[in-house]
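Student: here is my input, please return the structure:
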Amino acid sequence: MVVQKIFSLYIEGYTVYRISRYLKTSQVPTPRADTYVNHKKYHTENLVKYPYDWAGRTILTILSNEEYLGNLVCNKHSTKSYKDKRLKQNPKEEWIITPNTHEPIVEIGTFNKAKGIMAFRTKRKVIKNEHLFIGKIRCDNCGKTLTYSIDKRRNDRGIYVCSTYRVFGKERCSSHYLRYGIVCDYVYASIKTLKNQAEKDESKLCEMIYSTKIETMQTEQDTKRKITEDKKRFDDIETIFKKLYEDYALKRITIEDYDDLKQNFEKEKSEIQKRIDDYADEFENSRKVREKIRDLVSTIKKMKIGLELSKTNVDLLIDKVVIGDKKDKYCSRDICIYYKNIGII
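Tutor: Modelled structure (predicted):
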């Protein structure tokens, strides 16, 4: 059985990574892939394309799951609120564990051995390296985070590598290898430039950013002109309706002609009303965009920027930084900064 094999390999000294490679080579489907094949649940493109790609987190979850001992574990997850139905994991002390509810898959001795090895390996782990962009560096290809590590071969030792590539290899994504210092310099230069522009002419910078955000929208003047035209036509149709009914009442037109004309005008009236509503939504969206831009520019103008990037600056301004692929081995990577509530500037 797969679960028993995972425990056996782990106790033998296999790392989680080696176990995942073993399962992949043996073409053992992941739990999600197996559920999809047998019950048609949890369908994703990656499940179909990579049914044998085991994540380390899945293996660790299996190694610490008391249900394999024959225990029933409840209240492991809860929703964030009655409005937000996304699940969050509850602290272990809140779990409700009922022992011996079903036949165990793993013996208690085996389970405890694996638990001891896991605790020992966790203690041996080096404290995570701190960096300014925790959870904010994303891969442009797969959308996953880039993991940060230390490359001891370099003076500028911090590097980022795509987490999908690190776990599953080049079959799923490329490395997106990038030095930490390059990201820091790039983001610092962007913020510094915006601050200089804000201090020089805050209104001009707001308008410049706004123009990049609404490039696919019609100009406000154009929209206002169309609203005026549509409202006039809407009023004209109201007048036509009255005259049309008068013609019908005086028997100047037949009931059939009256119904056909009325239906056509009602359809046109409905289309005009929808356009007017869409314009109103567009103006409201435009207003919100302007407000967000003003807030961001005001924040940048007021903030203190030293000689290098600070975590305060990053947390306050940056939503994410997306790293693209190289076009060829001589090109630098594309780096796109997404500012909070605004996106790319």
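Student: and the helices in the stretch 51-200 of the chain?
Tutor: For the stretch 51-200 of the chain, helices defined by DSSP state H, counting those that start in this stretch occupy the ranges 56-63, 108-124, 163-168, 180-200.
Student: mind putting the ones you listed in JSON lines, mean neighbour count included?
Tutor: C-beta coordinates here come from the backbone N, C-alpha and C atoms, glycine included. As requested, these are exported to JSON lines (neighbours: other CB atoms under 10 Å):
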{"stretch": "helix 56-63", "mean neighbour count": "16"}
{"stretch": "helix 108-124", "mean neighbour count": "12"}
{"stretch": "helix 163-168", "mean neighbour count": "20"}
{"stretch": "helix 180-200", "mean neighbour count": "17"}
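Student: can you list those in TSV and add mean pLDDT and distance to residue 101?
Tutor: Below are those laid out as TSV (pLDDT from 0 to 100; distance: least, CB to CB, whole Å):
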stretch	mean pLDDT	distance to residue 101
helix 56-63	91	19
helix 108-124	85	15
helix 163-168	89	34
helix 180-200	94	49
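Student: in JSON lines, list these along with distance to residue 312.
Tutor: Output for these, formatted as JSON lines (distance: least, CB to CB, whole Å):
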{"stretch": "helix 56-63", "distance to residue 312": "31"}
{"stretch": "helix 108-124", "distance to residue 312": "31"}
{"stretch": "helix 163-168", "distance to residue 312": "26"}
{"stretch": "helix 180-200", "distance to residue 312": "11"}
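Student: of all the ones you listed, which lies closest to residue 143?
Tutor: helix 163-168 (8.8 Å; CB to CB).
Student: which helices and strands sit right next to that closest one?
Tutor: With contacts taken as 3 or more CB pairs under 8 Å, 6 or more residues apart in numbering; DSSP states H and E, helix 163-168 sits against strand 146-150.
Student: partner strands of the strand it packs on, parallel or antiparallel?
Tutor: strand 158-162 (antiparallel) (DSSP bridges).
Student: if we can go back for a sec, relative to residue 34, which of the helices of the stretch 51-200 of the chain is closest?
Tutor: Nearest of the helices of the stretch 51-200 of the chain (CB to CB): helix 56-63, 11.6 Å.
Student: low-confidence ranges in the stretch 151-300 of the chain?
Tutor: 152-156, 214-220 (pLDDT under 70).
Student: the same query, at a cut-off of 90, please.
Tutor: Applying pLDDT under 90 to the stretch 151-300 of the chain flags the ranges 151-158, 166-172, 207, 209-228, 230-231, 234-235, 237-262, 264-265, 269, 275-289.
Student: residue ranges for the strands of it, please.
Tutor: All strands of the stretch 151-300 of the chain, identified by DSSP state E, counting those that start in this stretch, fall at 158-162, 178-179.
Student: distance check, residue 144 against residue 287.
Tutor: Distance, residue 144 to residue 287, by CB to CB, to the nearest Å: 35 Å.
Student: more neighbours, these two?
Tutor: Neighbours were counted for residue 144 and for residue 287 using other CB atoms under 10 Å; residue 144 has more, 18 against 10.
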